[in-house]
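# Need a 3D model of the sequence below.
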Amino acid sequence: MDYEYINSLIKYIPLAIAITNKDGMINGINAYILSMFGYSESEILKTPILNLFEGFEEVKRDVFSKKGVIKREVYVYNKKNRSKFTISAYPIYSKNNDDLDIMFIFEDIKRKRKLSDKILKNRAIYTFDKIISRSDELLSVIDFAKKVSNSKSTVLISGETGTGKEVFAQSIHNASDRNDKPFIAINSAAIPENLIESELFGYVEGAFTGAKKSGQAGKFELANKGTIFLDEIGEMPLKLQTRLLRVIEEGIVTRVGGIDQIIVDVRIIAASNRDLKKEVEEGRFREDLFYRLNVLPLTIPPLRKRKDDIPLLASFFMEKISRKLNKNRVKLNDYVLDKMIRYNWPGNVRELENLIEFIINLGYLPDNLLNERDKEIVESSNIDYNYSLEELEKQHIIKILKINDGNISKTAKTLEIGRNTLYRKIEKYNIDVLN
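This is a model prediction of the structure:
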């Protein structure tokens with residue numbers, strides 16, 4: 001092959017291109033691939049392309065057997081991380097067809113996330129097979145939820161914050177015969193009290209100042225033939241609880257300011273992190289509504305009661321989030337996993353997910369990870385709610401600097417980062433090393 005000629009052809013093409021022989025050795029590249037992946041020419045030429053991405057042998061086999069263009073998604077090892085790309089493999093034959101090279105074109109995947117698209121279209125994205133567990137208690141809850149998925153009866157999901165109540169609600173919807181119809185979720189605690197009525201039931205023209213001329217359908221109308229998920233139902237005002245009870249009993253809604261009765265066919269799934277029986281006793285929740293909702297009760301156990309799931313979930317989130325952030329995975333050693341198992345997890349699965357994201361962003365395991373005696377960094381509520389990831393990193397750097405009496409070299413070594421990286425972070429966070 002005339003690689004000098006081929007390299008002159010691909011030099012200025014604005015795509016990342018590499019050419020290999022049939023054994024996968026890289027013989028030709030263009031400048032674009034160097035800038036995209038962060039390698040120098042000497043680092044990439046005359047090296048096996050399998051150092052760049054997984055699956056070369058499969059691509060080679062398909063190119064040879066099909067004698068045409070092969071296109072697939074692969075993970076590429078950049079200089080700094082691992083990213084998902086689409087590769088197109090093109091066979092290049094010699095003049096006498098006695099030799100074969102392969103031209104690889106790498107394209108960064110700029111897809112809209114499928115999950116976001118589904119949410120925008122009022123579609124549930126989670127299914128039961130996405131729920132990760134080996135806990136007998138949670139598996140029995142999943143089994144019960146599957147059995148009642150096709151029922152028209154209302155479901156009341158109870159569980160602490162972060163246990164995955166909406167995951168179950170979506171899974172129930174997707175396992176039902178309504179799975180191709182809308183899934184509408186509304187958080188009763190997130191909408192101001194003066195707006196929640198119009199959000200749920202809609203309004204007619206002129207119902208209030210600022211109302212659209214054509215009026216607007218409410219969530220129950222939008223969910224017709226499908227499922228509505230009423231999260232944090234315990235936060236719903238008593239006045240609206242009366243209207244909700246009527247919808248459940250009669251299947252009829254009336255828009256705010258209107259008189260027309262609109263028939264709706266909606267499966268209702270409600271959820272609460274409160275003890276609704278206690279709310280009833282204290283007069284904050286209607287007893288008749290509670291019993292209407294609690295036809296099919298489902299309680300999700302907290303993470304501290306299913307310790308065996310913690311390593312599974314930690315591994316899952318490490319893989320998922322590292323891909324999402326295009327960052328390297330961080331190995332969780334036995335010591336860290338043991339601390340995770342012994343930890344109480346007041347924020348449940350959501351807190352664990354946030355912690356794994358924090359670790360991935362740091363790129364290492366902080367010494368005081370989940371050390372309850374160290375209030376400065378890791379109280380669980382701080383990780384989940386009060387501190388941003390950057391603030392947590394800043395506080396950790398300050399702590400290690402104090403331990404090492406401000407010594408940059410020792411601190412960088414403890415943090416397992418370079419001195420220059422540490423200097424950049426000190427400047428970024430405006431950390432006073434002297435004090």
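# Do a quick rundown of the helices in the stretch 201-350 of the chain.
Ranges of helices within the stretch 201-350 of the chain are 219-222, 238-250, 276-281, 287-293, 309-325, 334-342, 348-362, based on DSSP state H, counting those that start in this stretch.
# typo on my end, the stretch 1-150 of the chain
Counting by DSSP H, counting those that start in this stretch, the helices of the stretch 1-150 of the chain are 3-10, 31-37, 41-44, 56-66, 114-120, 136-147.
# Switch the helices of the stretch 201-350 of the chain over to JSON lines; also include mean pLDDT.
Compiled in JSON lines, the helices of the stretch 201-350 of the chain are given as follows (pLDDT from 0 to 100):
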{"stretch": "helix 219-222", "mean pLDDT": "94"}
{"stretch": "helix 238-250", "mean pLDDT": "92"}
{"stretch": "helix 276-281", "mean pLDDT": "94"}
{"stretch": "helix 287-293", "mean pLDDT": "96"}
{"stretch": "helix 309-325", "mean pLDDT": "92"}
{"stretch": "helix 334-342", "mean pLDDT": "89"}
{"stretch": "helix 348-362", "mean pLDDT": "91"}
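# Show me the one of those that comes nearest residue 129.
Each of these has some distance to residue 129 by CB to CB; the shortest is helix 309-325, at 12.7 Å. For the C-beta atoms, the positions are set from N, CA and C on the backbone; glycine is no exception.
# Tell me how far that closest one lies from the chain's centre.
Distance of helix 309-325 from its chain centroid, counting by CA atoms, centre = their mean, to the nearest Å, is 10 Å.
# Return the per-residue confidence for the residue lying closest to residue 221 once chain neighbours are set aside.
Leaving aside its chain neighbours, residue 221 sits nearest to residue 202 (5.8 Å; criterion: CB to CB, 6 or more residues apart in numbering). With respect to pLDDT, residue 202 has a value of 92.
# distance of residue 202 from residue 292?
22 Å (CB to CB, to the nearest Å).
# Out of those two, name the residue with the larger neighbour count.
Between residue 202 and residue 292, residue 202 has the larger neighbour count (other CB atoms under 10 Å), namely 23 against 19.
# what domains does the record give for the protein?
Following automatic domain parsing, one gets these domains for the chain: 3-108, 116-301, 305-428.
# quick one, what contacts residue 299?
Listed by CB atoms under 8 Å, 6 or more residues apart in numbering, the contact partners of residue 299 are 141, 157-159.
# Same list, the residues you listed, but as TSV with secondary structure, distance to residue 240 and pLDDT please.
Below are the contacts of residue 299 laid out as TSV (DSSP: H, G, I helix; E, B strand; the rest coil; distance: CB to CB, whole Å; pLDDT from 0 to 100):
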residue	secondary structure	distance to residue 240	pLDDT
141	helix	29	97
157	strand	19	97
158	strand	20	96
159	coil	23	95
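# Which of these sits closest to residue 131?
Ranked by distance to residue 131 (CB to CB), the contacts of residue 299 are led by residue 141 at 9.3 Å.
# hang on, the earlier thing: and the helices of the stretch 1-150 of the chain, which one averages the lowest pLDDT?
Among the helices of the stretch 1-150 of the chain, helix 114-120 carries the lowest mean pLDDT, at a mean of 51.
# how about the strands of the stretch 101-250 of the chain, start to end?
155-158, 183-187, 227-231 (DSSP state E, counting those that start in this stretch).
# Enumerate every residue touching the closest residue in space to residue 167 that isn't next to it in sequence.
Excluding its sequence neighbours, the residue lying closest to residue 167 (CB to CB, 6+ apart) is residue 126, at 4.8 Å. Residues near residue 126 by CB under 8 Å, 6+ apart: 166-167, 170-171, 174.
# picking that back up, ranking the contacts of residue 299 by neighbours, who comes first?
Counting neighbours by other CB under 10 Å, residue 157 leads these with 28 neighbours.
# With adjacent residues omitted, what lies nearest to that residue?
Among residues not flanking residue 157 along the chain, residue 271 sits closest, at 4.1 Å (CB to CB, 6+ apart).
# In JSON lines: the contacts of residue 299, plus distance to residue 287.
Formatted as JSON lines, the contacts of residue 299 follow (distance: CB to CB, whole Å):
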{"residue": "141", "distance to residue 287": "25"}
{"residue": "157", "distance to residue 287": "19"}
{"residue": "158", "distance to residue 287": "16"}
{"residue": "159", "distance to residue 287": "22"}
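# now for those, which pair is the farthest apart?
Pairwise distances among the contacts of residue 299 were taken by CB to CB; the largest, 10.6 Å, belongs to 141 and 158.
# Overlap in contacts, these two.
The contact sets of residue 141 and residue 158 overlap at 298-300 (CB under 8 Å, 6+ apart).
# Out of these, which comes closest to residue 53?
For the shared contacts of residue 141 and residue 158, with residue 53 as the reference and CB to CB as the criterion, the closest is residue 300, at 39.7 Å.
# quick one: the closest one and residue 159 touch, right?
Yes. Assessed by CB atoms under 8 Å, residue 300 is found in contact with residue 159 at 3.5 Å.
# show me where pLDDT drops low in the chain?
Along the chain, the model assigns pLDDT under 70 to residues 1-3, 66-68, 95-99, 109-121, 371-388, 434-435.
# Can you name every helix or strand that the longest strand seen in it contacts?
Criterion DSSP state E: the longest strand present in the chain is strand 82-93. Counting contacts by 3 or more CB pairs under 8 Å, 6 or more residues apart in numbering; DSSP states H and E, strand 82-93 packs against helix 56-66, strand 70-77, strand 100-108, helix 309-325.
# Can you say which of the ones you listed is packed in most?
strand 100-108 (a mean of 18; mean count of other CB atoms under 10 Å).
# Note down every partner strand of it and its orientation.
Paired neighbours of strand 100-108 in the sheet (DSSP bridges): strand 16-20 (antiparallel), strand 82-93 (antiparallel).
# Tell me the buried residues in the longest one?
When you say that, I think you mean strand 82-93. By neighbour count on 16 or more other CB atoms under 10 Å, the buried set for strand 82-93 is 82-83, 85, 87-92.
# so it versus helix 309-325, what angle?
Strand 82-93 runs at 60 degrees relative to helix 309-325, counting by axes from the mean of the first three to the mean of the last three CA atoms, to 10 degrees.
# gap between strand 82-93 and the chain center?
Mean-position distance between strand 82-93 and its chain equals 27 Å (CA atoms, centre = their mean).
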